[in-house]
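sequence? don't have it. structure:
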């Protein structure tokens, strides 16, 4: 395996952190091309040291930050959303939301209160830190990454741009779409970053950006930016390169090489025990590609591990519709692999003889600082499902809290679903492996979902929530460590392509709200009573005169709920929802 660490100067062309003012939110009459993410002019830069408070929130006054601080102070400790879907288990729950309740989230009291414009599409989930001392003030901060290779720190309550950093090197642009319409017209930052509040002098946000230079060479780089200034941390960025033993596609002399042009980092970043894990997917199944995991020490950005899950075969991308791999405190990583080569001939351990794990549900070990497959589950018809593109990796993995079964035994479980419309629950101590005659898995709900799963479930207070394509959002109340055969409740409306990945806000066990984004030409934010999904509290289509509309949505978008606000990535920025000023 190899790694190449560039000095800051090598890619310093546009990397300096700077404060800037964005243009106003785009009006509803904006052209379709603009709503779909056509590049707009770069925002004007302000002279260093000049502070401008840009109040974008409807009804916000000079005391907006003070009011926001009061909201977050009431919870006792700072509010943080540091990673995709809130935590390593990927539950999607924020149980410290005190401002938003089922009683006040309704069209009369709640709606769109602002829009934070950006220079590109926002595929990555916005992240959040409260009570940050930046530029002489205390701010709640929203971190937003774009497909134009920019990272923003917004004051989450006023919309002021605290800093903006470009990840592009001198003479570089974001990647083109690589002949694939999945992400267009450009590819920069797609994966949700991850924040380590303890890294460096103030904390660091880790981001992967894709770019190209004038000679047509493509780059994938891992950056570590100071969360308070946007400046590159020491040793940042590192150019992502890797090779490993293998005879699969793009191999030579018994070695397989990672080609940055052929991959995008679709799944969110995972930070586990001081290591950043990156996972890689193809552009539209364009060959050649394989299933790469590449890991870096979060402090030094030195490459520490490489694992390829189809080293002697083909395909098997890791994408999860944007979902980051799940993990637990013991250091195990849980993920699904896309359709690709699976060796039905097994070795003495019952593992694929040639180490090809296409279209499987995996548990990875990080023991000794390495990466290795510790256990796996494959469907009995795994080869056929791969041949028809029934991709298990279209869905992310949720690591459930430990459950107690009817016999009093504690069960350690993880759950996933993909394109075959079944829900698979695995025992983390015995995944089940592969059997050609049956699925040896802890629990399987065949046909539980009316459509394919593109995203992942949420979890709150003993209930799992799934939002598959062309289906309602289903709630499954766990009993005796098993999901019921039919949903406990479900939403009255269905979600078209690609379905939805729900998130939950609550004040501990009270006032639980399920939030979901419906992808349409004019996207819709929905809010439901999490304990009774038949009760819709609010949606952004209810208000008159398009008050709460925010333009075209983003595929696989996940709402971020923090500090009395709901933040939704969109084509031209981030829509902000909250309680309306009175």
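Received the coordinates, thanks. Given the structure is predicted, the values throughout are model-derived calculations rather than measurements.

against residue 301, how distant is the nearest residue to residue 261 once chain neighbours are set aside?
With sequence-adjacent residues excluded and distances taken as C-beta to C-beta, 6 or more residues apart in numbering, residue 261 is closest to residue 218, at 3.9 Å. C-beta here means a position set from N, CA and C on the backbone, and glycine is covered the same way. Using C-beta to C-beta, to the nearest Å, residue 218 is found at 20 Å from residue 301.

of the two, give the one with the bigger neighbour count.
residue 301 (23 against 18; other C-beta atoms under 10 Å).

tell me, how many residues neighbour residue 261?
14.

whoops, residue 248 was the one
Residue 248 has 23 nearby residues by other C-beta under 10 Å.

over to residue 509?
Neighbours of residue 509 (other C-beta under 10 Å): 10.

run a quick neighbour tally on the closest residue to residue 99 other than its chain neighbours.
Using C-beta to C-beta, 6+ apart and skipping residues adjacent in sequence, the residue nearest residue 99 is residue 564, 3.2 Å away. For residue 564, the tally of surrounding residues (other C-beta under 10 Å) stands at 25.

and residue 564, how far from residue 103?
Distance from residue 564 to residue 103, by C-beta to C-beta: 14 Å.

residue boundaries of the strands in the stretch 201-350 of the chain?
Counting by DSSP state E, counting those that start in this stretch, one finds strands in the stretch 201-350 of the chain at the ranges 204-212, 218-226, 238-239, 243-245, 251-252, 255-257, 263-264, 270-272, 275-279, 281-282, 292-297, 303-308, 326-327, 333-336.

would you turn those strands into a markdown table with mean pLDDT and distance to residue 186?
Shown next, in a markdown table, are the strands of the stretch 201-350 of the chain (pLDDT from 0 to 100; distance: least, C-beta to C-beta, whole Å):
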| stretch | mean pLDDT | distance to residue 186 |
| --- | --- | --- |
| strand 204-212 | 98 | 9 |
| strand 218-226 | 98 | 12 |
| strand 238-239 | 98 | 19 |
| strand 243-245 | 96 | 28 |
| strand 251-252 | 94 | 30 |
| strand 255-257 | 96 | 25 |
| strand 263-264 | 96 | 11 |
| strand 270-272 | 98 | 25 |
| strand 275-279 | 98 | 20 |
| strand 281-282 | 95 | 17 |
| strand 292-297 | 98 | 22 |
| strand 303-308 | 98 | 27 |
| strand 326-327 | 98 | 30 |
| strand 333-336 | 98 | 27 |
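
what would those look like in TSV with distance to residue 403?
Shown next, in TSV, are those (distance: least, C-beta to C-beta, whole Å):
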stretch	distance to residue 403
strand 204-212	32
strand 218-226	36
strand 238-239	40
strand 243-245	37
strand 251-252	43
strand 255-257	39
strand 263-264	35
strand 270-272	23
strand 275-279	26
strand 281-282	31
strand 292-297	28
strand 303-308	29
strand 326-327	16
strand 333-336	16
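
quick one, phi/psi of the closest residue to residue 559 other than its chain neighbours?
Setting aside the residues directly before and after it, residue 559 is nearest to residue 515 in space (C-beta to C-beta, 6+ apart), at 4.6 Å. Main-chain torsions, residue 515, degrees, to the nearest 10: phi -110, psi 140.

my guess is residue 515 meets residue 566, correct?
Yes: under the criterion of C-beta atoms under 8 Å, residue 515 makes contact with residue 566 at 6.1 Å.

what residues do these two have in common as contacts?
Counting by C-beta atoms under 8 Å, 6 or more residues apart in numbering, the shared contacts of residue 515 and residue 566 are 505, 525, 559.

let me know the closest of these to residue 263.
residue 559 (27.4 Å; C-beta to C-beta).

hang on, the closest one packs against residue 518?
No: with contact defined as C-beta under 8 Å, residue 559 does not count as touching residue 518 (11.2 Å).
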